[in-house]
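In: build me a model from this:
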Amino acid sequence: MSCVAGMALETRRTPPYTPLDRGDFQESDRNPMNEREKQHLNDEGYLLLENFMSKELLEAVRHRIEEIFAEEGERAGAEFKQEPQSRRLANLVNKGEIFQQIIVIPRVLEYVSHVLGPRFKLSSLNARSANPYSDWVQPLHCDAGAVPDEKGYWVCNVIWLLDDFTTENGAIRMVPGSHQWGILPQDVLPDPQGPHADEVLLTGRAGSAVIMNVHMWHGATANRTGSPRRALHSFYCRWDKPQQQYQKKLVSPEVQRRLSPELRKILALDDPLNDELSSEKSGASGFLR
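Out: The predicted model follows:
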């Protein structure tokens, strides 16, 4: 369903577990993608799936995210990028089975395939937490600095809301329909960090997921509340483009040996073309240079 809602949910620490063995997705979210969803994603560039995660899965992801932030401290996010007034994590496929399971959820892959076509791979799996009482506004950007090419769209992000996204706590701002324009905001806007006349805020309840064609102009707003605003980003790209984070290099040999054929395929671990593309050209973020 494409809908917006907001309600405060308390964060509780829970023990790690194997999420997808316990029916952690709502039954209604196992249905095939419908025509209304396809049209909204085509026209607007995004789709909000409200309450897509179960309470148990949401709590488990929150728990693991905070564990990693505590373990990595000031190094958090260093494998990729760090950002003003925000906490970031990178290379999450390497940091827990829960993340490996999230990136191959069939319903999510169906939405991603609608944007990218049938052949795609995980480009990166990151987390971002906007600090409380910040004034940092993320510039409008397209992920990986991506403009559609002769084959169409080639980047798609799935944003997992780990906290409510509200008008006050750093929700995503986006310009619906801009994925069809074929231009980057930094090439035409005098100040991509400033407000845009057509931007809207994406607000939603914790546990929801957002499918986003990230050729659409988007960025994050300042968190003016006293609590962090956390999200997980599973970012996919078309098969013939470099990964944002070269998974074969970042995921440890020990973890790679344990991965299923399905995971090896979505991570492009056995793809010579991806090795050629990503070994030299990974790293583009769209706004952090």
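
In: can we go C-alpha only for contacts and neighbour counts from here?
Out: Fine.

In: in this structure, which residue is most central in space?
Out: For the chain, residue 233 is the residue whose C-alpha lies nearest the centre (Cα atoms, centre = their mean; 2.1 Å).

In: show me where the protein has strands.
Out: Counting by DSSP state E, residue ranges of the strands within the chain are 46-49, 86-89, 120-130, 155-161, 172-174, 200-202, 209-212, 218-220, 229-238.

In: name the residues that touch the fifth one?
Out: Yep, that's strand 172-174 we're talking about. Applying Cα atoms under 8 Å, 6 or more residues apart in numbering, the contact partners of strand 172-174 are 140, 165, 199-203, 216-221.

In: still on that earlier bit, the residue nearest to the centre of the chain contacts residue 161, doesn't it?
Out: No: using Cα atoms under 8 Å, residue 233 is not in contact with residue 161, being 9.1 Å away.

In: picking up where we left off before, nearest to residue 123 among the contacts of strand 172-174?
Out: When the contacts of strand 172-174 are ranked by distance to residue 123 (Cα to Cα), residue 216 comes first, at 17.2 Å.

In: now that closest one: how far from residue 124?
Out: Residue 216 is 18 Å from residue 124, where distance means Cα to Cα, to the nearest Å.

In: neighbour count for those two, which is higher?
Out: residue 216 (30 against 25; other Cα atoms under 10 Å).

In: what about the closest residue to that one other than its chain neighbours, distance to residue 262?
Out: Among residues not flanking residue 216 along the chain, residue 179 sits closest, at 3.8 Å (Cα to Cα, 6 or more residues apart in numbering). Per Cα to Cα, residue 179 is found 30 Å from residue 262.

In: so those two - more neighbours on which side?
Out: Each of residue 179 and residue 262 has its neighbours counted (other Cα under 10 Å); residue 179 has more, 26 against 10.

In: so what's the more buried one up against?
Out: 45, 213-217.

In: any chance of these in JSON lines, plus pLDDT?
Out: Supplementary listing: the contacts of residue 179 in JSON lines, determined by pLDDT from 0 to 100:
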{"residue": "45", "pLDDT": "98"}
{"residue": "213", "pLDDT": "98"}
{"residue": "214", "pLDDT": "97"}
{"residue": "215", "pLDDT": "98"}
{"residue": "216", "pLDDT": "98"}
{"residue": "217", "pLDDT": "98"}
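
In: which of those residues sits closest to residue 247?
Out: residue 214 (20.2 Å).

In: how near is the closest one to residue 174?
Out: In terms of Cα to Cα, residue 214 sits 10 Å off from residue 174.

In: so the biggest helix by length in the chain versus strand 120-130, what angle?
Out: When the chain is parsed with DSSP state H, its longest helix is helix 55-72. Helix 55-72 runs at 70 degrees relative to strand 120-130, counting by axes from the mean of the first three to the mean of the last three Cα atoms, to 10 degrees.

In: low-confidence ranges, the stretch 101-250 of the chain, go.
Out: The model of the stretch 101-250 of the chain has no residue with pLDDT under 70.

In: flag every buried residue along stretch 257-268.
Out: Neighbour-count burial for stretch 257-268, counted by 16 or more other Cα atoms under 10 Å, picks out 263-264, 266-268.

In: need the contact list for the residue lying closest to residue 226 once chain neighbours are set aside.
Out: Once flanking residues are discounted, residue 226 sits nearest to residue 132: 4.8 Å by Cα to Cα, 6+ apart. Counting by Cα under 8 Å, 6+ apart, residue 132 touches 169, 223-229.
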